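Undergrad: Here is the input, now give the coordinates:
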Amino acid sequence: MSDLHAATENGLIDDRVRGFPPGNPPLSPAAIGTQGWKPYDGRMALPLISLDRRAFAGNVELMMAYVKCHGADIAPHAKTPMSTVLADALLSAGAWGTTVADIRQAAVLLKAGQRRLILANEIGGIAAARRLAALLGHYPDAEFHIFVDSITLVEALRSAWQERADLPPLGLLVEFGAGRAGLRSAAAAEVILDAILAIETPAFRLTGIAAYEGAAATANADETMHRIDALMALTADFLPKIRARIGKERPLLVTSGGSVFFDIVVARLSAAVAADPACRLVLRSGAIFFHDHGIYERGLAGLDARGGLRIGGETVSAAAGFRPALRVWAEVLSRPEPQLAICGMGMRDVAMDQGLPRPLALYRHGARLTDLGSADVLRLNDQHAFVTLADGSDIAVGDVIEFGISHPCTCLDRHAILYGLDPDHSVTAAYLTSFG
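TA: Residues are numbered from 1 along each chain as shown. As a prediction, the model looks like this:
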């Protein structure tokens, strides 16, 4: 049985799930937050992943303040945590809706009660369109928008919607792209626009434009800015072309914005959106609420180099304002060499696609001992982390190391539970994830 199935069986969690103390009676997620467990006190099974609840709340407050200040909205991408509780928390904090990456993710959010979703992706052809229709047939009150960049997908979706009378309206977002999916020119977008407008009905219609600037990034910073600027210009310039075809009254969305270059999206698209009273700018940043000690740490340093965040007429440092909220905890299993520790954490527990985890602090006998600024993760195996140490290090077998991570989106998907910690690192919440 998978961790996910174990985590949800009869509504109780047991010791088949990372972190849960072996031999402990099964508990509900709510009860887990009342046990007083700590990742470093010897009771919890390691490795596990945790969320600094205070850091997360601060990240939410800062990002929502930024969005509101710039007259934009946000539909956070749920693929990062795939936690319905955290997705609901973002809605309660002011999010306009939620973004998903595929039909299965949409099912998770719809079953949890959310009704305004952006599927920020193409889904395939007629078979996929029918699968989407089969899902949405159960949610007639849903507001659902989906990316399209081909006549094939437009026709597949139209065919699926014609086959049934029980479906909610479907909104089509013409996607521009660079480096991934999406149309590469205004001429190509005109072809898609013509096709949509020729077959529109009240239940099947154009609702806006979409883009994703993060896929345009390259190893060269100047080239990245050039590519993103070109994509944003293409997106902004197409808005009045759409408006001229559909009239002034129809509401439209313009949506872009990941967690690294959202400031550029706001700077490049705000004027075009502001000039259209019936248009709404919607960011889709998701990982920003979790931050990290790697790719997003570097990304926010780059944002500050571009001028920082403008909020309420003041400049705020993104690197200082957002705080990494995720940690992975692991025990030292072996000290086979003077400058090497082997920890019980590997590729099955932590992301490595955008950088290796970073040792942060050492714990012994249930207490924090020291920072670990001089230690580094050299490499990972399936179940092991190879940690290089300074000369004379007294790290011992049984010690617990707190690691920062790089790239939340490919780290959280390894875990069925995200343990929420208060400031003294006591577990005060347990968030189930739904990665399937």
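
Undergrad: For stretch 192-201, C-alpha coordinates in PDB please.
TA: Taking Å, rounded to 0.1, in the frame of the first residue of the first chain, the C-alpha atoms of stretch 192-201 are listed here in PDB:
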ATOM      1  CA  ILE A 192      -6.700  29.900 -33.000                       C
ATOM      2  CA  LEU A 193      -8.700  33.000 -32.200                       C
ATOM      3  CA  ASP A 194     -10.600  32.600 -35.500                       C
ATOM      4  CA  ALA A 195     -11.300  29.000 -34.800                       C
ATOM      5  CA  ILE A 196     -12.700  29.700 -31.400                       C
ATOM      6  CA  LEU A 197     -14.900  32.600 -32.300                       C
ATOM      7  CA  ALA A 198     -16.300  30.600 -35.200                       C
ATOM      8  CA  ILE A 199     -17.700  28.000 -32.900                       C
ATOM      9  CA  GLU A 200     -18.400  29.900 -29.700                       C
ATOM     10  CA  THR A 201     -21.500  29.200 -27.600                       C
END
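
Undergrad: Outside of it itself, list whatever touches it.
TA: Stretch 192-201 is contacted by residues 148-151, 154-155, 158, 172, 174, 183, 205-206, 241-242, 245-246 when judged by C-beta atoms under 8 Å, 6 or more residues apart in numbering. Quick note: C-beta positions are derived from backbone N, CA and C, even for glycine.

Undergrad: again, but for stretch 149-163
TA: 122-126, 128-130, 132-133, 146, 148, 167, 170, 172, 174-175, 177, 181-183, 191-192, 195-196, 199, 203-204.

Undergrad: So the residue sitting furthest away from the middle of the chain: helix, strand or coil?
TA: For the chain, the residue at maximal distance from the C-alpha centroid (C-alpha atoms, centre = their mean) is residue 392, at 40.1 Å. What DSSP: H, G, I helix; E, B strand; the rest coil gives for residue 392 is coil.

Undergrad: The residue nearest to residue 306 when sequence neighbours are not counted: what secondary structure?
TA: Using C-beta to C-beta, 6 or more residues apart in numbering and skipping residues adjacent in sequence, the residue nearest residue 306 is residue 263, 6.4 Å away. Secondary structure for residue 263, judged by three-state DSSP, is helix.

Undergrad: check contacts around residue 263.
TA: Residue 263 makes contacts with 303, 306, 307, 309, 318, as judged by C-beta under 8 Å, 6+ apart.

Undergrad: Neighbours of the fourth one, how many?
TA: When you say that, I think you mean residue 309. Using other C-beta atoms under 10 Å, residue 309 is surrounded by 24 other residues.

Undergrad: Spell out the residue ranges of the helices in the stretch 251-400 of the chain.
TA: In the stretch 251-400 of the chain, the helices defined using DSSP state H, counting those that start in this stretch lie at 262-274, 295-305, 318-321.

Undergrad: Looking at these, which is nearest to residue 378?
TA: The closest of those to residue 378 is helix 295-305. By C-beta to C-beta, the value is 19.1 Å.

Undergrad: before we move on, back to that, whichever of the contacts of stretch 192-201 end up buried, select them in ChimeraX.
TA: To isolate the buried members of those in ChimeraX, using 16 or more other C-beta atoms under 10 Å:
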select :148,149,150,154,158,172,174,183,205,206,242,246
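
Undergrad: Sort out for me which of the contacts of stretch 192-201 are in strands.
TA: Using DSSP state E, 148, 172, 174, 205, 206 are the members of those that sit in strands.

Undergrad: Relative to residue 122, how far out is the second one?
TA: Distance of residue 172 to residue 122, computed by C-beta to C-beta, to the nearest Å: 11 Å.

Undergrad: can you list residues touching both of those two?
TA: residue 148.

Undergrad: that older thread, from the ones in strands among the contacts of stretch 192-201, which is closest to residue 234?
TA: residue 174 (11.0 Å).

Undergrad: who does that closest one bridge with?
TA: residue 148, residue 209 (DSSP bridges).

Undergrad: now the strands: where do they sit in the stretch 101-250 of the chain?
TA: 116-119, 143-148, 170-176, 204-211 (DSSP state E, counting those that start in this stretch).

Undergrad: Strand 170-176 and the second one, what's the angle between them?
TA: Taking axes from the mean of the first three to the mean of the last three C-alpha atoms, to 10 degrees, one finds strand 143-148 and strand 170-176 inclined to each other by 30 degrees.

Undergrad: Give me the mean pLDDT for strand 143-148.
TA: Mean pLDDT, strand 143-148: 98.

Undergrad: so it versus strand 204-211, what angle?
TA: 60 degrees.
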